[in-house]
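Trainee: Show me the folded form of this:
(2 chains)
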Amino acid sequence: DIQMTQSPSSLSASVGDRVTITCRASQGIGTSLAWYQQKPGKAPNLLLYAASRLQIGVPSRFSGSGSGTDYTLTISSLQPEDFATYYCQHYYSTPQTFGQGTRVEIK
Amino acid sequence: EVQLLESGGGLVQPGGSLRLSCAASGFTFSSYAMTWVRQAPGKGLEWVSAIRGSGGSAYYADSVKGRFTISRDNSKNTLYLQMTSLRAEDTAIYYCAKDLYGDFPEYFQHWGQGTLVTVSS
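Mentor: Numbering: from 1, shown residues only, chains lettered A, B, ... in the order given. Predicted structure coming up:
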């Protein structure tokens, strides 16, 4: 099975900061990667798929990049509503797996 | 509007069984793969199982293989997860999720609200 490793597991940042989260696959997955945002008590929300394609309705401050085994999610200017936990997910093969999550907290 | 409504969660003893359901509406159910994802209390997301639109192919995480069975009734627009030999580590909120675009399980725009399964004596 392909394992997904996110870093950091948590970070503290201020409104307006640029934030980068990384995700590494244990083997090559091309661009078969999605990113989700989850707020407490809510289901996850799809942000990006195919590593860099922004889902309709998601603010343009979110962006993604990478291919092969290394990927990044970038929030260009952190907004108050962005404080949440972020997960990567590969869909290159089954079983699909999620990263362990990155919690973004207010500094 | 796409809606997914899970039901069937509850308290079950170790070794017991439970069947979850996910009632879908607002889209052509048989055209989309469906997936179960779970989240243990205070933990991250875990992909559990998926099934193609026709129901012909099913996929499982190693942690549930041989114990859980995913199925669907396209005439009732309903997804199921039959869980047997339940363990304490199966305690989680179980979400059903709809594939964004098509018949092969990939990524998910629409999720249900989740149903809580607690395995405890």
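Trainee: who does the nearest residue to residue B:12 once chain neighbours are set aside bridge with?
Mentor: Closest residue in space to residue B:12, ignoring its immediate chain neighbours: residue B:18 at 5.1 Å, by CB to CB, 6 or more residues apart in numbering or on different chains. In short, each C-beta sits where N, CA and C put it, glycine included. Residue B:18 has these beta-bridge partners by DSSP bridges: residue B:83.
Trainee: try residue B:38
Mentor: With DSSP bridges as the rule, residue B:38 is bridged to residue B:46, residue B:94.
Trainee: okay, now it: neighbour count?
Mentor: Residues lying near residue B:38 (other CB atoms under 10 Å in any protein chain shown) number 24.
Trainee: Enumerate every residue touching it.
Mentor: B:45, B:46, B:48, B:90, B:92, B:93, B:94, B:95, B:117 (CB atoms under 8 Å, 6 or more residues apart in numbering or on different chains).
Trainee: try residue B:39
Mentor: Per CB under 8 Å, 6+ apart, neighbours of residue B:39: B:45, B:46, B:92, B:93, B:95, B:114.
Trainee: Which strand or helix spans the residue nearest the centre of chain A?
Mentor: Geometric centre of chain A, nearest residue: residue A:35, 3.9 Å, by CA atoms, centre = their mean. Residue A:35 is part of strand A:33-38, with elements assigned from DSSP states H and E.
Trainee: Wait, residue B:18 touches residue B:6, no?
Mentor: No - the criterion here is CB atoms under 8 Å, and residue B:18 misses it with residue B:6 at 12.0 Å.
Trainee: Give the bridge partners for residue A:54, please.
Mentor: Applying DSSP bridges, one finds that residue A:54 bridges with residue A:48.
Trainee: what about it, neighbour count?
Mentor: Neighbour tally, residue A:54, other CB under 10 Å: 17.
Trainee: hang on, residue B:94 packs against residue B:10?
Mentor: No - between residue B:94 and residue B:10 there is no contact under CB under 8 Å: 11.2 Å.
Trainee: ok so, going back, for the residue nearest to residue B:12, list the residues it contacts.
Mentor: Remark: with contacts taken as CB under 8 Å, 6+ apart, residue B:18 is in contact with B:8, B:9, B:10, B:12, B:83, B:86, B:117.
Trainee: same thing with residue A:88?
Mentor: A:4, A:6, A:21, A:23, A:33, A:34, A:35, A:36, A:71, A:73, A:98, A:99.
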